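Asks: Provided below are the primary sequence and the corresponding predicted coordinates.
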Amino acid sequence: MVLRQIKSDDAEIVYRALGEGSPVILLHPFPANHEFWLPVAEALSTRYRLILPDMRGHGDSDVGDGPATVEKHAADIARVMDHAEIGRAPLVGVSIGGYALFEFWRRHRGRVAALALCNTKAPADSGEARAGRLQAANDVMERGTEPFFQSMIPRLLGKTTREARPDLVEGALRMMRKMSPQDVAQVQRGMATRPDSVDTLKTINVPTLLVTGDEDILTGVNEAELMRQHISGSQLRVIPKAGHYSPWEQPEEAGKLLRQFLERLLETK
């Protein structure tokens with residue numbers, strides 16, 4: 001796995017590249033990092049060149065100045081693709097990765113060959129959700145990150161995973177703990193300001209795969225179904241025994257779905 005570091009405006013962004021073949025960009029959820037994708041990468045890296053960024057404020061990437069907005073994330077993705085000499089590629093995003101891809105589509109749709117939107121949603125935060133994010137941002141600055149991370153585990157990981165796979169719970173916490181209080185606060189503040197993307201869905205005209213977990217209590221089947229209804233020709237798949245972190249929780253199933261989707265793209269080229 002090759003490690004790269006680039007400058008994107010006010011932040012150093014780190015990404016990893018592994019495998020060979022057609023490029024695919026994989027964006028992790030909050031508050032994880034590129035390691036989220038490593039279990040899935042085994043199914044894909046034999047045929048694809050995988051680009052795994054640590055999104056701004058996550059993992060080894062800086063958060064920069066002020067809130068980490070979707071506009072900043074989209075600019076970071078474009079710079080990573082430039083640095084990796086990728087003009088156009090399929091992009092896969094989980095949760096905040098999906099939020100970033102809606103913005104990336106609005107700004108750089110010519111660079112998007114296909115989309116896989118996993119455990120994410122198109123609507124902006126409600127007033128209540130926005131207030132909750134801003135409160136969480138203040139709390140981590142006062143109390144540190146650990147109470148926040150512990151509170152997120154039952155929301156991010158499905159019941160099956162929490163009961164049967166303590167190793168995956170610990171692995172998720174390990175990823176989270178790479179984020180500082182400042183990182184968590186500025187990423188939360190950025191997510192709180194993201195625009196509504198429901199109207200954007202109707203403009204998406206590339207092959208699109210929608211994935212969620214049957215135990216995802218944050219976005220789940222209802223949000224995936226909303227996207228399916230608005231994105232022409234999109235297909236929806238539900239991963240059993242998985243929550244909001246479905247590719248982390250069920251990497252074999254997620255890897256199989258992504259590989260099938262990507263192979264169909266190659267066949268239709």
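Replies: That came through, no problem.
Asks: For residue 59, give me the pLDDT.
Replies: The score at residue 59 is 98. That number is its pLDDT.
Asks: if you skip the residues just before and after it, what's nearest to it?
Replies: residue 33 (2.9 Å; C-beta to C-beta, 6 or more residues apart in numbering). Any C-beta I mention is one placed from the backbone N, CA and C, and that applies to glycine too.
Asks: show me where pLDDT drops low in the stretch 1-150 of the chain?
Replies: Along the stretch 1-150 of the chain, the model assigns pLDDT under 70 to no residue.
Asks: hey, where'd the strands end up in it?
Replies: For the stretch 1-150 of the chain, applying DSSP state E, counting those that start in this stretch gives strands covering 2-8, 11-18, 22-27, 48-53, 89-94, 112-118.
Asks: In contact with the closest residue to residue 52 other than its chain neighbours, which residues?
Replies: Spatial nearest neighbour of residue 52, excluding adjacent residues (C-beta to C-beta, 6+ apart): residue 34 at 3.9 Å. Contacts for residue 34 (C-beta atoms under 8 Å, 6 or more residues apart in numbering) come out as 15, 16, 26, 28, 52, 53, 54, 59.
Asks: and the second one, what are its bridge partners?
Replies: When assigned by DSSP bridges, residue 16 has beta-bridge partners residue 3, residue 52.
Asks: what about it, distance to residue 110?
Replies: Separation of residue 16 from residue 110 (C-beta to C-beta, to the nearest Å) stands at 25 Å.
Asks: Just want to know which of those two has more residues nearby.
Replies: Higher neighbour count among residue 16 and residue 110: residue 16, with 22 against 8, using other C-beta atoms under 10 Å.
Asks: looking at it, residue 41 is touching residue 48, isn't it?
Replies: No - when contacts are counted by C-beta atoms under 8 Å, residue 41 is not listed as touching residue 48 (9.1 Å).
Asks: Common neighbours of the two, please.
Replies: The contact lists of residue 41 and residue 48 share residue 19, where a contact means C-beta under 8 Å, 6+ apart.
Asks: so what secondary structure elements neighbour the helix or strand harbouring residue 252?
Replies: In this structure, residue 252 sits in helix 251-268 according to DSSP states H and E. Applying 3 or more C-beta pairs under 8 Å, 6 or more residues apart in numbering; DSSP states H and E, we find helix 251-268 packed against strand 22-27, helix 38-44, strand 89-94, strand 112-118, strand 208-213, strand 235-239, helix 246-249.
Asks: what's the most buried one of the ones you listed?
Replies: helix 246-249 (a mean of 29; mean count of other C-beta atoms under 10 Å).
Asks: Run through who's touching that one.
Replies: 32, 36-37, 39-40, 94, 118-119, 157-158, 160-161, 165, 168, 171-172, 211-213, 216, 239, 241-243, 254-255.
Asks: Then stretch 198-205?
Replies: Against stretch 198-205 from outside (C-beta under 8 Å, 6+ apart): 102, 105-106, 109, 115, 122-123, 226-227, 230-232, 234.
Asks: Weed out the non-buried ones from the residues you listed.
Replies: 102, 105, 115, 122, 226, 227, 230, 231, 234 (16 or more other C-beta atoms under 10 Å).
Asks: about what we covered before: let me have the strands of the stretch 1-150 of the chain in CSV, extended by distance to residue 149.
Replies: Shown next, in CSV, are the strands of the stretch 1-150 of the chain (distance: least, C-beta to C-beta, whole Å):
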stretch, distance to residue 149
strand 2-8, 25
strand 11-18, 21
strand 22-27, 20
strand 48-53, 21
strand 89-94, 17
strand 112-118, 21
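Asks: of the ones you listed, which approaches residue 142 most closely?
Replies: Shortest distance between residue 142 and the strands of the stretch 1-150 of the chain, using C-beta to C-beta, is found for strand 11-18: 24.3 Å.
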